[in-house]
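K.L.:
Structure, please.
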Amino acid sequence: MPITPEHVGRHFPPAPPYTVSRAKIEEFAVALGDDNPAYFTDDAIAPPTFAAIIAAQAWGALFDDEELGLSLNRTMHGDQHFDFHRPLKAGDEVVAQLGIERVRNRSTMDMVTILVELTVDGEPVCSARSTLMHTKEEAA
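P.N.:
Below is the predicted model of the structure:
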């Protein structure tokens, strides 16, 4: 059974914890060309889009769920939005858990909105909402 609106509300087990390191923050900032000094100190905070690295690790559960019939190679990332409670910082051990928020099936396209909650020590840090556009296998 391919993904349908009946799958809205499904939550997947959390991804393994991701430890945010000062080195990874610096690498990310350099890759962005962002020289904000807050990213290069002993108590560095991460650029906001760093959350996408951690959130994407939770996506595996979505694509591994055979019932949904989703394939990463037929998926385009259409939209991304972050809501922060606080910045990610070096030393954070972040847990990401994915849930399906909305599904729209249109002809040969599935539009799936997912929400990945990022927490540290059980406390919310960031909500990362993505819209994925998935081409059905018969259209590929």
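
K.L.:
Using neighbour counts, pick out the buried residues of stretch 97-111.
P.N.:
Neighbour-count burial for stretch 97-111, counted by 16 or more other CB atoms under 10 Å, picks out Q97, L98, G99, I100, V103, D110, M111. No exception for glycine: its C-beta is placed from N, CA and C like everyone else's.

K.L.:
Below-threshold pLDDT in this structure: ranges please.
P.N.:
For the chain, the stretches with pLDDT under 70 are 1, 139-140.

K.L.:
In it, which helix is the longest?
P.N.:
helix 22-32 (DSSP state H).

K.L.:
Please name every helix or strand in contact with whatever helix or strand comes next after that one.
P.N.:
Sequence order places helix 51-57 as the next helix or strand after helix 22-32, per DSSP states H and E. Where contact means 3 or more CB pairs under 8 Å, 6 or more residues apart in numbering; DSSP states H and E, helix 51-57 is packed against strand 18-19, strand 75-84, strand 93-106, strand 109-120, strand 123-135.

K.L.:
With distance to F50 added, can I get these in CSV?
P.N.:
Formatted as CSV, the helices and strands packed on helix 51-57 follow (distance: least, CB to CB, whole Å):
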stretch, distance to F50
strand 18-19, 10
strand 75-84, 10
strand 93-106, 10
strand 109-120, 10
strand 123-135, 10
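
K.L.:
Most tightly packed of the ones you listed?
P.N.:
Highest mean neighbour count among these (mean count of other CB atoms under 10 Å): strand 109-120, with a mean of 20.

K.L.:
Direction included, what does that strand pair up with?
P.N.:
Strand 109-120 pairs in its sheet with strand 93-106 (antiparallel), strand 123-135 (antiparallel), by DSSP bridges.

K.L.:
hang on, the earlier thing: same list, the buried residues of stretch 97-111, but as CSV with distance to F40 please.
P.N.:
Listed next are the buried residues of stretch 97-111 as CSV, based on distance: CB to CB, whole Å:
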residue, distance to F40
Q97, 30
L98, 31
G99, 34
I100, 37
V103, 41
D110, 41
M111, 39
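
K.L.:
Out of those, flag the one nearest to D64.
P.N.:
If you rank the buried residues of stretch 97-111 by distance to D64 using CB to CB, L98 comes first, at 11.1 Å.
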